[in-house]
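Asks: Predicted coordinates and the sequence they were generated for:
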Amino acid sequence: MQDALPRGGSIRKLWVAHAELYRDHLLRLDLESRRSRFAGAVSDQFLRDYADIAFGIDAIIHGFFVDGTLRGAAELRSVGPAVRREGEAAFSIEKPWQSHGVGSMLLDRTLLAARNRGLKFLHMACLADNKRMQQLARKYGAELSFDFGSVVGEVAAPRPTPLSLLREIIADGHGFATAMFDVQSRLLAG
Ligand SMILES: CC(C)(COP(=O)(O)OP(=O)(O)OC[C@H]1O[C@@H](n2cnc3c(N)ncnc32)[C@H](O)[C@@H]1OP(=O)(O)O)[C@@H](O)C(=O)NCCC(=O)NCCS
């Protein structure tokens, strides 16, 4: 899967310890990308404050790294009452790394995480004129049915399976034995 990424790039989950890297990544976004990501012009201070709170409860953030520098990120968080099983996803990729397949790989990992958490609807924080984001979502038409009028995508088969859990755990870089153990405990917990 990592083969489809630009040379030297890798995707891994971010934790609260990565907050500074996340802040620096957001600050490097050009004006247009900031506007697309946050639905409006935002200041450096806004981005600093945002990075401080982004790792709150329930956030799953995948990061795209090149040589140790965070160049892209995808946030997934559940929104609304748990029973509605709705989540929100938002993407940010620094300009030189846009249109190189990174968004596609991040969406792939985000969808897997959404599915494994039983999320059924995914809201995309996406402006109506963001053609690239819309193209990207359309590529995943088999897994995500989209209504851009309301900017809500429906995740197909929103139930974790042993295979989908295993894919996520292995993508997180754990060994196979740990992965199997984790799958068993998550299925039992579900
Ligand atoms: C929108 C964004 C996440 C897309 O990620 P990306 O890595 O640039 O996109 P990808 O290279 O994976 O391309 C996805 C699809 O978009 C389309 N696309 C790519 N570049 C494009 C361009 N310059 N113009 C129009 N469509 C384009 C293609 O259909 C492409 O799929 P394909 O190459 O397999 O045909 C990224 O550009 C970004 O972070 N932009 C700034 C912030 C933002 O807009 N966030 C989204 C709202 S939260």
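Replies: Received it, and whenever you're ready, just let me know what you need.

Asks: State the mean pLDDT of stretch 93-109.
Replies: Average pLDDT, stretch 93-109: 95.

Asks: Whether that stretch contacts the ligand - can you check?
Replies: Yes. Using C-beta under 6 Å from any ligand atom, stretch 93-109 reaches the ligand at Ile93, Gln98, Ser99, His100, Gly101, Val102, Gly103, Ser104. Placement of C-beta: from N, CA and C, glycine included.

Asks: in that stretch, what counts as buried?
Replies: By 16 or more other C-beta atoms under 10 Å, the buried positions in stretch 93-109 come out as Ile93, Glu94, Trp97, Gln98, His100, Val102, Gly103, Met105, Leu106, Leu107, Asp108, Arg109.

Asks: contacting residues around that stretch?
Replies: Stretch 93-109 is contacted from outside by 1-2, 4-6, 9, 11, 25, 28-30, 33, 62, 64, 66, 71-74, 89, 91, 132-133, 136-137, 139-140, 168, 171, using C-beta atoms under 8 Å, 6 or more residues apart in numbering.

Asks: follow-up on the earlier one: kindly reformat the buried residues of stretch 93-109 as JSON lines containing secondary structure.
Replies: Formatted as JSON lines, the buried residues of stretch 93-109 follow (DSSP: H, G, I helix; E, B strand; the rest coil):
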{"residue": "Ile93", "secondary structure": "strand"}
{"residue": "Glu94", "secondary structure": "coil"}
{"residue": "Trp97", "secondary structure": "helix"}
{"residue": "Gln98", "secondary structure": "coil"}
{"residue": "His100", "secondary structure": "coil"}
{"residue": "Val102", "secondary structure": "helix"}
{"residue": "Gly103", "secondary structure": "helix"}
{"residue": "Met105", "secondary structure": "helix"}
{"residue": "Leu106", "secondary structure": "helix"}
{"residue": "Leu107", "secondary structure": "helix"}
{"residue": "Asp108", "secondary structure": "helix"}
{"residue": "Arg109", "secondary structure": "helix"}
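
Asks: pLDDT value on the closest residue to His18 other than its chain neighbours, please?
Replies: Leaving aside its sequence neighbours, His18 sits nearest to Gly63 (C-beta to C-beta, 6 or more residues apart in numbering; 6.7 Å). Looking at Gly63, its pLDDT reads 97.

Asks: ok so, going back, filter the contacts of stretch 93-109 by proximity to the ligand?
Replies: The subset of the contacts of stretch 93-109 within reach of the ligand, by C-beta under 6 Å from any ligand atom, is Ser33, Phe91, Arg132, Met133, Leu136, Lys139.

Asks: My reading is that the first one lies in a strand. Confirm?
Replies: No. Going by three-state DSSP, the assignment for Ser33 is helix, not a strand.
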